[in-house]
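S.K.: Predicted model follows, preceded by the sequence.
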Amino acid sequence: MSLSEANMPHVKPEAIKLAIFDIDGVLTDGTLLYGEHGELIKPFNAKDGVGIRLLQENGVAVAVITAKRSAPLARRMQDLKIEYFFPGCHDKAATFAQLKQTLNVQNDAVAYVGDDVLDLPVMEQVGLAIAPADGYQLVKEMAHIVTEASGGKGVVREVADLLIGARTDLAEAYRVLVMPKAAVVQ
C-alpha cells in the first residue's frame, strides 16, 4: 500500500467507522463476462469476502455503491451480508449524503474505495480516499492511499487489514473471526 505524499490524509485509519466500496474495478477486476443467454457474470475474490467480514465484526459499517445492477451482484451482496447496498446508482454523491445521514457519520469517519472518475465526487469528500493499484490515473492521483492489489485481486482485504490493523492486533482479530461464535469469550 503506498501513501501519496501530496495527498497525505489527516484522518487516521482507526477513526474510520464506515467503509464504502465500488464494485467494478474494486471488488471485481472490471471485466464484464456474458453467458450464453446474455447473463452477466462477475468474478469476485473470496479474500475480499473475508475482508468484509473482518470489517463488520470489528465495528466498521460496510456499504457498496455501484452504477451496475444485476441479479448475480445482488446475490453476492446478500452472501456478504452487505446491509447498505445501492445498485444502479448514478449519483454517488447524493447516495453518500443520504447514507451519512442514515448512519450519522461525518466525512472524516468514512473511507471510500473507488477506481474511476464516477467515484471522484465521493472520494473528494471522505476522510480516507483509496484507489486500487490499477485504478484510473486521475483517481490514483487524488487518492490518499493506493493499494498494492489491483481491482478484484484483494483490494478489499488489503483495506480491511489497514483499517482493523490500525485499531487492534490484526492476528488476534483474524483468530476471533475464524473461531466458532460459541467459543468466543466476551
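M.R.: Nice, I can see it.
S.K.: C-alpha only now, for contacts and for neighbours.
M.R.: Will do.
S.K.: which residue is nearest the centroid of this structure?
M.R.: Most central in the chain under C-alpha atoms, centre = their mean is residue 21, positioned 3.1 Å from the mean C-alpha point.
S.K.: I'd say that one and residue 113 touch.
M.R.: Yes - if you go by C-alpha atoms under 8 Å, residue 21 and residue 113 touch, sitting 4.9 Å apart.
S.K.: where do the contact lists of those two overlap?
M.R.: Residues touching both residue 21 and residue 113 (C-alpha atoms under 8 Å, 6 or more residues apart in numbering): there are none.
S.K.: Just after the helix or strand bottoming out on mean pLDDT in the chain, pick out the following helix or strand.
M.R.: Ranked by mean pLDDT, DSSP states H and E, the helix or strand of the chain with the weakest confidence is strand 2-3, at a mean of 57. Going down the chain from strand 2-3, the next helix or strand is strand 18-21, by DSSP states H and E.
S.K.: Now that following strand: average pLDDT?
M.R.: Mean pLDDT, strand 18-21: 98.
S.K.: what packs against that strand?
M.R.: strand 61-65, strand 110-113 (3 or more C-alpha pairs under 8 Å, 6 or more residues apart in numbering; DSSP states H and E).
S.K.: go with 10 Å
M.R.: Here strand 18-21 touches helix 46-57, strand 61-65, strand 84-86, helix 92-103, strand 110-113, strand 128-131, helix 155-165, going by 3 or more C-alpha pairs under 10 Å, 6 or more residues apart in numbering; DSSP states H and E.
S.K.: Give me the sheet partners of the next helix or strand after that strand and which way each runs.
M.R.: Note on strand 18-21: by DSSP H and E, the next helix or strand toward the C-terminus is strand 33-34. Looking at strand 33-34 with DSSP bridges, its partner strands are strand 40-41 (antiparallel).
S.K.: distance between the strand it pairs with and the chain's centre?
M.R.: Relative to its chain's centre, strand 40-41 lies at 21 Å (C-alpha atoms, centre = their mean, to the nearest Å).
S.K.: again with stretch 26-43
M.R.: Using C-alpha atoms, centre = their mean, the offset of stretch 26-43 from its chain centre is 19 Å.
S.K.: Repeat that for stretch 127-144.
M.R.: On C-alpha atoms, centre = their mean, the centre of stretch 127-144 falls 13 Å from that of its chain.
S.K.: Ok, stretch 111-126 next?
M.R.: So, by C-alpha atoms, centre = their mean, the centroid of stretch 111-126 is 11 Å from its chain's centroid.
S.K.: repeat for stretch 166-178
M.R.: 18 Å.
S.K.: What of stretch 75-88?
M.R.: Centroid separation for stretch 75-88 versus its chain: 12 Å, with C-alpha atoms, centre = their mean.
S.K.: Just the CA atoms of that stretch, as PDB, please.
M.R.: Below are the C-alpha coordinates for stretch 75-88, written out as PDB (Å, rounded to 0.1, in the frame of the first residue of the first chain):
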ATOM      1  CA  ARG A  75     -26.700 -12.300  -4.700                       C
ATOM      2  CA  ARG A  76     -23.100 -11.700  -3.900                       C
ATOM      3  CA  MET A  77     -24.000  -8.700  -1.700                       C
ATOM      4  CA  GLN A  78     -26.600 -10.900   0.100                       C
ATOM      5  CA  ASP A  79     -24.000 -13.600   0.700                       C
ATOM      6  CA  LEU A  80     -21.600 -10.900   2.100                       C
ATOM      7  CA  LYS A  81     -24.400  -9.600   4.300                       C
ATOM      8  CA  ILE A  82     -23.900  -6.000   3.000                       C
ATOM      9  CA  GLU A  83     -26.700  -4.100   4.700                       C
ATOM     10  CA  TYR A  84     -26.000  -0.800   2.800                       C
ATOM     11  CA  PHE A  85     -26.100  -1.800  -0.900                       C
ATOM     12  CA  PHE A  86     -27.000   0.800  -3.500                       C
ATOM     13  CA  PRO A  87     -27.200  -0.800  -7.000                       C
ATOM     14  CA  GLY A  88     -27.900   1.200 -10.100                       C
END
